[in-house]
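Visitor: quick one, fold the following:
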Amino acid sequence: MSVTAEDVRKVAKLARLAVEEEQIPALTSELNGILAMVEQLQEVDVDGVEPMTSVSPMRLKRREDGVTDGDKVEQVLANAPETAEGFFVVPKVVE
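Guide: Residues are numbered from 1 along each chain as shown. Okay, the predicted model is just below:
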């Protein structure tokens, strides 16, 4: 796949970028280089390779998923500037 100068102009317009006419050839060349690298990556055989989340094998720390702050409404609301009926009172932001 090859990017043309017209493609660069169209992408710049869609992205609302101000690109000078003298920059078009350089951008065309850069985008073609990027696409060439992507094509090289697509040639790599990755069959049988498991997806990784990190380059070093590690396991996330796990804990039991349990509620730890239930039934503490008064403590939670203690520092609130204003409360009503067990809830925070905030200024209206939508008319």
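Visitor: and the helix or strand bottoming out on mean pLDDT in the chain, which residues are buried?
Guide: The element with the least model confidence among the helices and strands of the chain, by mean pLDDT, DSSP states H and E, is helix 73-77, at a mean of 88. Using 16 or more other CB atoms under 10 Å as the burial criterion, none of the residues of helix 73-77 qualify. Backbone N, C-alpha and C define where each C-beta goes, glycine included.
Visitor: distance from the lengthiest helix in the chain to the middle of the chain?
Guide: When the chain is scanned for its longest helix (criterion: DSSP state H), the result is helix 24-42. In this view, helix 24-42 has its centroid 23 Å away from the chain centroid, taken as CA atoms, centre = their mean, to the nearest Å.
Visitor: counting contacts, what elements does that helix pack onto?
Guide: With contacts taken as 3 or more CB pairs under 8 Å, 6 or more residues apart in numbering; DSSP states H and E, helix 24-42 sits against helix 5-14.
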